[in-house]
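Engineer: Fold the following.
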Amino acid sequence: DIDRTDRRFRMDLADFDEKKNAGTRKSASSGGVYLLMTLFFMVMVSTVFLGKMYLNQMGDMSSESFPLPVSSEESEASSEPQVDPAEQKVEEELASMSLEQKVGQLFMVRNNGKGGLAKTVSQTHAGGVILFAEDFKGKTADQVRDMISELQTASDGKMFVAVDEEGGTVVRVSSNTQLRSSKFLSPQRLYAKGGFDLITTDTQEKCELLDSLGINMNMAPVADVCTEKSAFMYKRSFGKGPEETAEYVSTVVKAMRMMSVASCVKHFPGYGNSKSDTHKGLDTNEKSFDELKESDLVPFDAAIRDGADAIMLTHTVVKSLDPDNPASLSSESVDLLREEMGFEGLLITDGLEMGAIIDFSGGDSGKVCVMAVQAGVDILCAPKNPVSDYNAVLQAVKDGDISESRIDESVRRILRTKIRLGLYE
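Structural biologist: Alright, predicted model coming up:
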């Protein structure tokens with residue numbers, strides 16, 4: 001019985017081993033199949049992925065190296081340069097103007113007490129007005145807004161409305177306590193009180209006040225490098241050297257650029273430490289061009305770099321630039337700004353009723369306006385006899401002494417600035 005039991009045990013063990021081996025063989029076979037299927041699946045996925053990459057690459061090549069044929073109309077359309085909407089607006093406005101209206105855009109007139117400013121604006125198709133302290137005297141903010149609205153209505157289009165609100169001794173608006181409780185401080189006092197941070201906030205406050213009244217251009221900042229207290233321009237200037245003055249000018253221009261009021265940096269190429277007042281008579285600057293470059297021109301270069309809207313030219317005769325004419329009537333001064341310094345904005349004369357210009361011209365204000373336009377200036381500020389001066393420039397164009405294309409150059413620059421300020425929205 002033991003032997004029989006032992007034999008059954010050995011047989012059962014042998015049968016168990018056989019089944020175990022068979023299971024192992026089956027398991028190995030199944031594992032091999034699974035491995036083959038996995039490899040097959042990976043190969044298929046890789047093939048699809050690589051095929052997709054290939055097709056995409058071929059698509060890129062076909063669009064770049066082998067473009068599909070296009071119609072001639074599509075080809076012409078794609079090759080045309082993209083039109084700047086602002087430039088398109090400039091050209092539309094320019095094309096809509098008569099010669100009389102275009103010439104008028106170059107005039108920024110003032111109230112000379114001869115028949116009223118609105119009438120002068122209408123007679124000259126003026127592109128701008130400049131207001132002085134007497135225009136604001138005794139008026140409330142609402143009355144100022146009404147006055148400016150009346151002037152705009154009298155014009156053919158959107159006018160520049162300019163003031164000199166420098167701070168300190170030149171404050172056309174804030175000299176009226178109904179418009180501001182106190183006068184704006186001078187650049188020197190602002191800097192001493194709070195540095196460039198205060199100059200920035202002061203500039204912003206000026207722009208907010210002017211904009212609220214309908215004024216869209218401030219004849220500031222003063223960029224003259226003036227360091228001698230006895231000099232005529234010292235109190236109005238920053239009172240420091242070229243680099244410090246450049247930083248001041250840059251600070252103001254950048255702050256104004258963010259507002260709705262255009263800047264006009266003055267008085268190119270610089271009063272320097274002159275003791276003469278061009279309001280009263282002609283002045284001469286004897287500096288060499290190298291001296292100008294090292295000092296007086298530095299703040300103007302900063303202003304141009306930081307986006308000044310306009311630059312005002314002084315009535316000083318700068319001998320190293322043009323020994324025969326004031327800078328405001330000099331093509332050499334204009335060429336320096338345009339060609340060498342890269343300025344593309346507006347060039348504005350200082351007031352053409354000032355003593356320096358009367359001395360230079362012998363009182364022929366019409367001739368002075370024609371000379372300024374011929375030199376390349378864009379805006380004639382406060383001509384002495386606005387109606388007759390306007391007619392003198394208009395006649396010079398009709399006679400061929402000034403080309404209409406020359407007028408168009410200035411009108412384009414004027415329109416670009418007005419569009420930037422939102423006057424044509």
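Engineer: Would you map the strands across the stretch 101-250 of the chain?
Structural biologist: Counting by DSSP state E, counting those that start in this stretch, the stretch 101-250 of the chain has strands at residues 107-109, 128-130, 160-163, 165-167, 170-171, 217-218.
Engineer: give me the low-pLDDT residue ranges for this protein?
Structural biologist: Applying pLDDT under 70 to the chain flags the ranges 1-81, 114-115, 157.
Engineer: Just want the most central residue of it.
Structural biologist: The structure's the chain has its C-alpha centroid closest to residue 307; by Cα atoms, centre = their mean the separation is 4.5 Å.
Engineer: So that one is in contact with residue 257, correct?
Structural biologist: Yes - using Cβ atoms under 8 Å, residue 307 is in contact with residue 257, at 4.9 Å. Bear in mind the C-beta positions are built from the backbone N, C-alpha and C, glycine included.
Engineer: now the strands of the stretch 101-250 of the chain as JSON lines including distance to residue 391 and mean neighbour count?
Structural biologist: Formatted as JSON lines, these follow (distance: least, Cβ to Cβ, whole Å; neighbours: other Cβ atoms under 10 Å):
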{"stretch": "strand 107-109", "distance to residue 391": "11", "mean neighbour count": "26"}
{"stretch": "strand 128-130", "distance to residue 391": "18", "mean neighbour count": "26"}
{"stretch": "strand 160-163", "distance to residue 391": "21", "mean neighbour count": "25"}
{"stretch": "strand 165-167", "distance to residue 391": "32", "mean neighbour count": "23"}
{"stretch": "strand 170-171", "distance to residue 391": "31", "mean neighbour count": "20"}
{"stretch": "strand 217-218", "distance to residue 391": "25", "mean neighbour count": "27"}
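Engineer: who wins for proximity to residue 311 among those?
Structural biologist: strand 217-218 (12.6 Å; Cβ to Cβ).
Engineer: Need the residues that contact the closest one.
Structural biologist: With Cβ atoms under 8 Å, 6 or more residues apart in numbering as the test, strand 217-218 has contacts from 128, 160-165, 206-207, 210, 256, 261-264, 309-310.
Engineer: need the contact list for residue 260.
Structural biologist: Residue 260 makes contacts with 207, 211, 216, 421, 422, as judged by Cβ under 8 Å, 6+ apart.
Engineer: From residue 118, how far out is it?
Structural biologist: 23 Å (Cβ to Cβ, to the nearest Å).
Engineer: One more: residue 279?
Structural biologist: Distance from residue 279 to residue 118, by Cβ to Cβ: 26 Å.
Engineer: do the same with residue 239
Structural biologist: Residue 239 is 39 Å from residue 118, by Cβ to Cβ.
Engineer: Same question for residue 350.
Structural biologist: Residue 350 is 24 Å from residue 118, by Cβ to Cβ.
Engineer: What of residue 418?
Structural biologist: Here residue 418 is placed at a distance of 20 Å from residue 118 (Cβ to Cβ).
Engineer: which of the two has more neighbours?
Structural biologist: For residue 418 versus residue 118, neighbours defined as other Cβ atoms under 10 Å are more numerous around residue 418 (24 against 17).
Engineer: Skipping its backbone neighbours, what lies nearest that one in space?
Structural biologist: Nearest non-adjacent residue to residue 418, counting by Cβ to Cβ, 6 or more residues apart in numbering: residue 158, 5.6 Å away.
Engineer: show me the contacts for that neighbour.
Structural biologist: Contact analysis of residue 158 by Cβ under 8 Å, 6+ apart lists 152, 418, 423, 424.
Engineer: go again using 7 Å as the cut-off
Structural biologist: Neighbour list for residue 158: 418, 423, 424 [criterion: Cβ atoms under 7 Å, 6 or more residues apart in numbering].
Engineer: do the same with residue 422
Structural biologist: The contact partners of residue 422, by Cβ under 7 Å, 6+ apart, come to residue 260.
Engineer: Equivalent analysis for residue 257, please.
Structural biologist: The contact partners of residue 257, by Cβ under 7 Å, 6+ apart, come to residue 307.
Engineer: how far away is the residue lying closest to residue 294 once chain neighbours are set aside from residue 302?
Structural biologist: Nearest residue to residue 294 in three dimensions, chain neighbours excluded: residue 242, at 7.2 Å (Cβ to Cβ, 6+ apart). Using Cβ to Cβ, one obtains 9 Å as the distance from residue 242 to residue 302.
Engineer: Same drill for those two, tell me which one is more crowded.
Structural biologist: residue 302 (23 against 20).
Engineer: Please give the element, helix or strand, for that one.
Structural biologist: helix 297-305 (DSSP states H and E).
Engineer: again with residue 392
Structural biologist: helix 386-399.
Engineer: Mind giving me the packing neighbours of whichever helix or strand comes after the helix holding residue 302?
Structural biologist: Using DSSP H and E, the helix or strand that follows helix 297-305 in sequence is strand 310-313. The contact analysis (3 or more Cβ pairs under 7 Å, 6 or more residues apart in numbering; DSSP states H and E) places strand 310-313 against strand 262-268, strand 346-349.
Engineer: Turn these into CSV, columns for mean neighbour count and distance to residue 246.
Structural biologist: Shown next, in CSV, are the helices and strands packed on strand 310-313 (neighbours: other Cβ atoms under 10 Å; distance: least, Cβ to Cβ, whole Å):
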stretch, mean neighbour count, distance to residue 246
strand 262-268, 26, 11
strand 346-349, 26, 20
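Engineer: quick one: which of these is nearest residue 379?
Structural biologist: Checking the helices and strands packed on strand 310-313 against residue 379 by Cβ to Cβ gives strand 346-349 as the closest, at 4.3 Å.
Engineer: rewinding a little: contacts for the following helix or strand past the helix holding residue 392 next, please.
Structural biologist: Toward the C-terminal end, the helix or strand that comes next after helix 386-399 (DSSP H and E) is helix 404-420. Helix 404-420 is contacted by residues 86, 89-90, 93-94, 99, 102-103, 105-106, 127, 158, 262, 309, 345-346, 373, 378, 397, 424 when judged by Cβ under 7 Å, 6+ apart.
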